[in-house]
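Asker: what would the 3D arrangement of this be:
(chains A and B)
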There are 2 protein chains.
Amino acid sequence: MQKLLTAFVLIGSILFSIHSTLGQVADTTKEKPYENVARDIIARGLLSCKAYDFLKELTTRVGARLSGSPQAEKAVQWGKKTMEDNGFDNVRLEPVTVPHWVRGPVEEASIILSDSKQIPITICALGGSIATAEDGITAEIVEVKSFDELKKMGDAAKGKIIFFNRPFDRTKFNTFEAYSGAVDQRGQGAVEAAKAAGVAALVRSMTSRLDDVPHTGAMRYVDTIPKVPAAAVSAIGANVLDSLIRKDDHVKVRLKLSCQKLPDVESANVVGELTGTEHPNEVIVIGGHLDSWDKGQGAHDDGAGVTESIEALRLLKELGFKPKRTIRAVLFINEENGLAGGKAYAAKDRPGEKHIAAIETDAGGFSPRGFSVQADSLMIEKIARWSYLLRPIDADRIQKGAGGADISELGKKGVPQVGLRPDGQRYFDYHHSDNDTIDKVNERELELGAIALAILAYAIAQEGL
Amino acid sequence: MQKLLTAFVLIGSILFSIHSTLGQVADTTKEKPYENVARDIIARGLLSCKAYDFLKELTTRVGARLSGSPQAEKAVQWGKKTMEDNGFDNVRLEPVTVPHWVRGPVEEASIILSDSKQIPITICALGGSIATAEDGITAEIVEVKSFDELKKMGDAAKGKIIFFNRPFDRTKFNTFEAYSGAVDQRGQGAVEAAKAAGVAALVRSMTSRLDDVPHTGAMRYVDTIPKVPAAAVSAIGANVLDSLIRKDDHVKVRLKLSCQKLPDVESANVVGELTGTEHPNEVIVIGGHLDSWDKGQGAHDDGAGVTESIEALRLLKELGFKPKRTIRAVLFINEENGLAGGKAYAAKDRPGEKHIAAIETDAGGFSPRGFSVQADSLMIEKIARWSYLLRPIDADRIQKGAGGADISELGKKGVPQVGLRPDGQRYFDYHHSDNDTIDKVNERELELGAIALAILAYAIAQEGL
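Answerer: Sure thing, here's the model as predicted:
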């Protein structure tokens, strides 16, 4: 048993050497700018992990909060009160008109084989879909992997339900890239189905995980093309359907959806800030989106981004770091099905103000790996010079890449866009589904996102870009 | 809704640019050595995620597998069969004598207040502890944060149960460092309690997570000091106990444990390899430990390391990459309470063989961040030159640090030790507890560990060190 103690001591001394290598051990004689600030933010953040407390409130007291819903209104009020309670400056609501789509009580589907045997499959309406007729649609199903394949089918698709079954490319390390390679089926499947004279679109859920949970998400119609209903089927449901289609030439599906579009609703972006001490009119935006889909609790998407943004400001305030330029947290409404919040924020007249940068966090509350910057290479370099501050939390990878949907309208006005990049392996297991709940969030991983955000925003607020 | 499509296209093109930046896009004219190999390993690994299938088998068909138990024997047979089924070379068992400690059916504890009110708390015996008397121990409790504090207490500790309640330092980013700063209480608490004439040791669980799940782990006795029973209390139990001690000067605890040490058992390390085509006697060991504690399923600790090691070899074999030097997977037995497997492996006479390096994976099946190397700086540089191969999966951080307990005996013989370093934020939520189960493992994160291992082991096998 003596061996074990030796092992402990060994591990202890080795861990100390890892620690030293990471540069967390203070050597004030050699400190680079803001290393002390970063060290304090890291220690205070990890000690309290308040981002998780905020997220627990948002996900359990408010829950899912699709734009236009009473829950979204509750989320707006929660955001305002939370910012006020934490003493942020100029806390306010900025009005935004948002769409109001509701899923309705009925969504069901069954496979019907040639011998009339029925097999239920788990589906959900895609966001924005019209309803089916009250008794549903029953039609033969055709499976395709691409829009090209559908087009080549010609008349064979007429009157059929079109089953879009191109899975994620699992070989990609970057899961967002796999998503990007499949999501046209969800966004545009209904339009393509209608163009081919199909009667509905059934789309494989946007995930590489094999389970029976369907993933919703935005789809769109085009005014000049008939509208057909569109639903997502779980990955298991898609596999079952695929294997039955291979064996039976006349598989039908019965699909029933009760969703509808209601009149637009007045909602709001929630805004609060730490006012800059020297250049109050120069603004760094940090933010995520307050709305979610109506599945699960919108924990990773994007309760994480909302609560990381609030926590980043709170940490700076609690530690007494007063930024020279204004750091503004914006909780955008309606990212999921309209981007109305992002548009309204960018369109609003703000006399005398200049946006220095906008940082979005909308990729889940996982351990941050770094930031992606959507700007020219000079600007990327300017931001990347702060990477040493993020090295102690292994979040120092700053490189060219996506900003975020909510800040894309600011980007069009020339504001450098920055996106927080967390580890992405688990994100699409939960995304837009009943699985996106608080129990899938680790409090330390979430807090590290807030810490990374606070460090980068503060360095930019002090030194400009 | 048009906006949304714009957003999709935008995200798509941006993601492509991230992708390019990561260097995953093949440009064969500029390829560095083994980039094609790494690319193939990454794609094939992520496509099949076989490490997870192996881990599911090990955790559900075998389950927890403490050294000496029938389940550990089953795990040994499972390891051998899995290696054989996958066509590894020279699959064999190498005998190891291991201790056999059993928890027994009873472990319970209650707080007893001055007014005789009783409050149950959740505990578990520490591994190696003796039992209490059959009706348990009931004694006043004293709380300390350190051994020094206990020593200063003098006679006040006599006849008491000593409650060691120094928590993890949550401010540390490196959770292994936080563990290292607290684990003396678990390993040595019973000895220190006995030195102070205490009658038992109760230790706060080694985790920073606040829940009611106790975490077991190794403790040790010293021959010259009386043995007293030792148990871990859940973090919530520890907080309850602490708050009651602050209010009541004579809090007692009743503790009942039924554990015992049985005679040693013959067990084995499981060994299999891909024999080197040019230098078969030069060996790179990759491995983890096959035994686990008797709580949960030993999924992250260390089913992950075992299945990553098997999967690394399987991937190389499936892809037809024949290493010039031998890559040997070793599933070590008895890491948790004795290190007998690691010692036996290193002590065994292997005429003509030379170990080039040993790589251990025993820090959980989370997204890999890189490798730590316990060797001189020249050797670290030699290994770090392969980091570009790991960059496409963000696992390219190669730096000085810990190897691993199982390979530490090889290290004493001068073999460079390398440790796979995954993201560490969740590890101690599960470690040595009922929470360490397969549902806490993400198949892609686990597979990335196997991929990183395969890439580094292959590069070393081809080029030596």
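Asker: before we move on, what SS does the residue of the stretch 201-350 of chain A found nearest chain B have?
Answerer: When distances are taken as CB to the nearest CB, the stretch 201-350 of chain A reaches nearest to chain B at A:Arg220, 4.0 Å away. From N, CA and C alone the C-beta is placed, and that goes for glycine too. For A:Arg220, the reduced secondary structure class is coil; criterion used: DSSP: H, G, I helix; E, B strand; the rest coil.
Asker: for it, give me the pLDDT.
Answerer: Model confidence at A:Arg220, expressed as pLDDT, equals 97.
Asker: domain map for chain A?
Answerer: With automatic domain parsing as the criterion, the domains of chain A are listed as A:28-100+A:263-463, A:104-258.
Asker: please tabulate these in JSON lines, including the columns mean neighbour count and distance to B:Gly342.
Answerer: Below are these laid out as JSON lines (neighbours: other CB atoms under 10 Å in any protein chain shown; distance: least, CB to CB, whole Å):
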{"stretch": "domain A:28-100+A:263-463", "mean neighbour count": "22", "distance to B:Gly342": "28"}
{"stretch": "domain A:104-258", "mean neighbour count": "20", "distance to B:Gly342": "32"}
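Asker: now those in a markdown table, with distance to B:Gly403?
Answerer: Conversion of the domains of chain A to a markdown table gives the following (distance: least, CB to CB, whole Å):
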| stretch | distance to B:Gly403 |
| --- | --- |
| domain A:28-100+A:263-463 | 20 |
| domain A:104-258 | 26 |
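Asker: circling back: the residue of the stretch 201-350 of chain A closest to chain B contacts A:Gly187, correct?
Answerer: Yes. Counting by CB atoms under 8 Å, A:Arg220 sits close enough to A:Gly187 to count as a contact (6.0 Å).
Asker: what residues are bridge-paired with A:Ile121?
Answerer: Following DSSP bridges, A:Ile121 is listed with bridge partners A:Ala109.
Asker: tell me the pLDDT at it?
Answerer: Spelled out, the predicted local distance difference test score at A:Ile121 is 98.
Asker: ok, A:Ala7 next?
Answerer: Looking at A:Ala7, its pLDDT is 43.
Asker: who's the closest residue to A:Pro167 other than its chain neighbours bridged to?
Answerer: Counting by CB to CB, 6 or more residues apart in numbering or on different chains, A:Arg204 is the residue found nearest to A:Pro167 once chain neighbours are left out, at 6.2 Å. Taking DSSP bridges, one finds A:Val233 as the beta-bridge partners of A:Arg204.
Asker: contacting residues around A:Arg204?
Answerer: A:163-167, A:182, A:185, A:232-233, A:235, A:238 (CB atoms under 8 Å, 6 or more residues apart in numbering or on different chains).
Asker: among those residues, which lie within helices?
Answerer: Judged by DSSP state H, the contacts of A:Arg204 include A:185, A:235, A:238 as members of helices.
Asker: now these as JSON lines including distance to chain B?
Answerer: Putting the ones in helices among the contacts of A:Arg204 into JSON lines (distance: CB to the nearest CB, whole Å) gives the following:
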{"residue": "A:Gln185", "distance to chain B": "11"}
{"residue": "A:Ala235", "distance to chain B": "13"}
{"residue": "A:Ala238", "distance to chain B": "18"}
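Asker: now flag whichever of these is closest to A:Leu315.
Answerer: For the ones in helices among the contacts of A:Arg204, the closest approach to A:Leu315 (CB to CB) belongs to A:Ala235, at 38.7 Å.
Asker: part of a strand, is A:Arg254?
Answerer: Yes. Assignment of A:Arg254 by three-state DSSP places it within a strand.
Asker: just give the closest residue to it, not the sequence neighbours.
Answerer: With CB to CB, 6+ apart as the criterion, A:Arg254 has its nearest non-adjacent residue at 4.4 Å, and that residue is A:Thr138.
Asker: and that neighbour, how far from A:Leu255?
Answerer: Look at A:Thr138 and A:Leu255: by CB to CB, to the nearest Å, they are 8 Å apart.
Asker: A:Val271: what secondary structure?
Answerer: With three-state DSSP as the basis, A:Val271 sits in strand.
Asker: so it sits against A:Phe88, correct?
Answerer: No. Using CB under 8 Å, A:Val271 is not in contact with A:Phe88, being 9.1 Å away.
Asker: and the closest residue to A:Ala395 other than its chain neighbours, bridged to which residues?
Answerer: Counting by CB to CB, 6+ apart, A:Ala395 lies nearest to A:Pro368, which is 4.1 Å off, once chain neighbours are set aside. According to DSSP bridges, the residues that bridge with A:Pro368 are A:Pro422.
Asker: pretty sure A:Pro368 contacts A:Pro422?
Answerer: Yes. Look at A:Pro368 against A:Pro422 with CB under 8 Å: they come within range, at 5.0 Å.
Asker: pull the residues that contact stretch A:128-138.
Answerer: The list of residues contacting stretch A:128-138 from outside it, by CB under 8 Å, 6+ apart, reads A:101, A:104, A:108, A:112, A:161, A:190, A:199-200, A:218-221, A:227-231, A:252-261, A:337, B:1.
Asker: also stretch A:80-100?
Answerer: For stretch A:80-100, contacts defined as CB under 8 Å, 6+ apart pick out A:54, A:57, A:67-69, A:72, A:76, A:261-275, A:291, A:310, A:313-314, A:317, A:329, A:333-334, A:337-338, A:340-341, A:344-345, A:348.
Asker: out of the residues you listed, which touch chain B?
Answerer: Cross-checking those against chain B (CB under 8 Å from any CB of the partner chain) gives A:337-338 as the overlapping residues.
Asker: any idea how far A:Phe147 is from the residue nearest to A:Pro167?
Answerer: For A:Arg204, the distance to A:Phe147 (CB to CB) stands at 14 Å.
Asker: cool, A:Gly104 as well?
Answerer: Going from A:Gly104 to A:Phe147 by CB to CB gives 28 Å.
Asker: then A:Glu278?
Answerer: Distance, A:Glu278 to A:Phe147, by CB to CB: 54 Å.
Asker: go on, A:Thr275?
Answerer: To A:Phe147, A:Thr275 is 50 Å away according to CB to CB.
Asker: kindly report the same for A:Asp85.
Answerer: For A:Asp85, the distance to A:Phe147 equals 49 Å [CB to CB].
Asker: which SSE is the closest residue to chain B within the stretch 51-200 of chain A in?
Answerer: Sorted by distance to chain B under CB to the nearest CB, the residues of the stretch 51-200 of chain A start with A:Thr171, at 3.9 Å. Assigned by DSSP states H and E, A:Thr171 belongs to no helix or strand.
Asker: which non-adjacent residue is nearest it?
Answerer: Setting aside the residues directly before and after it, A:Thr171 is nearest to B:Ala43 in space (CB to CB, 6+ apart), at 3.9 Å.
Asker: which SS state does that neighbour fall under?
Answerer: Bear in mind the rule, three-state DSSP; under it B:Ala43 is helix.
Asker: pretty sure it contacts A:Phe173?
Answerer: No. Between B:Ala43 and A:Phe173 there is no contact under CB under 8 Å: 9.1 Å.
Asker: where does the stretch 251-400 of chain A dip in pLDDT?
Answerer: Low-confidence segments of the stretch 251-400 of chain A, defined by pLDDT under 70, are absent.
Asker: using PDB, write out every CA atom in stretch A:67-83.
Answerer: The C-alpha atoms that make up stretch A:67-83 are tabulated as PDB, following Å, rounded to 0.1, in the frame of the first residue of the first chain:
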ATOM      1  CA  SER A  67     -40.700  33.900 -29.800                       C
ATOM      2  CA  GLY A  68     -44.200  35.200 -29.300                       C
ATOM      3  CA  SER A  69     -45.000  32.800 -26.500                       C
ATOM      4  CA  PRO A  70     -45.900  33.800 -22.900                       C
ATOM      5  CA  GLN A  71     -42.700  32.100 -21.800                       C
ATOM      6  CA  ALA A  72     -40.700  34.300 -24.100                       C
ATOM      7  CA  GLU A  73     -42.300  37.300 -22.400                       C
ATOM      8  CA  LYS A  74     -41.400  35.800 -19.100                       C
ATOM      9  CA  ALA A  75     -37.900  35.300 -20.200                       C
ATOM     10  CA  VAL A  76     -37.600  39.000 -21.200                       C
ATOM     11  CA  GLN A  77     -38.800  40.000 -17.800                       C
ATOM     12  CA  TRP A  78     -36.400  37.600 -16.200                       C
ATOM     13  CA  GLY A  79     -33.500  39.000 -18.200                       C
ATOM     14  CA  LYS A  80     -34.300  42.500 -17.200                       C
ATOM     15  CA  LYS A  81     -34.800  41.700 -13.500                       C
ATOM     16  CA  THR A  82     -31.600  39.700 -13.400                       C
ATOM     17  CA  MET A  83     -29.600  42.500 -14.900                       C
END
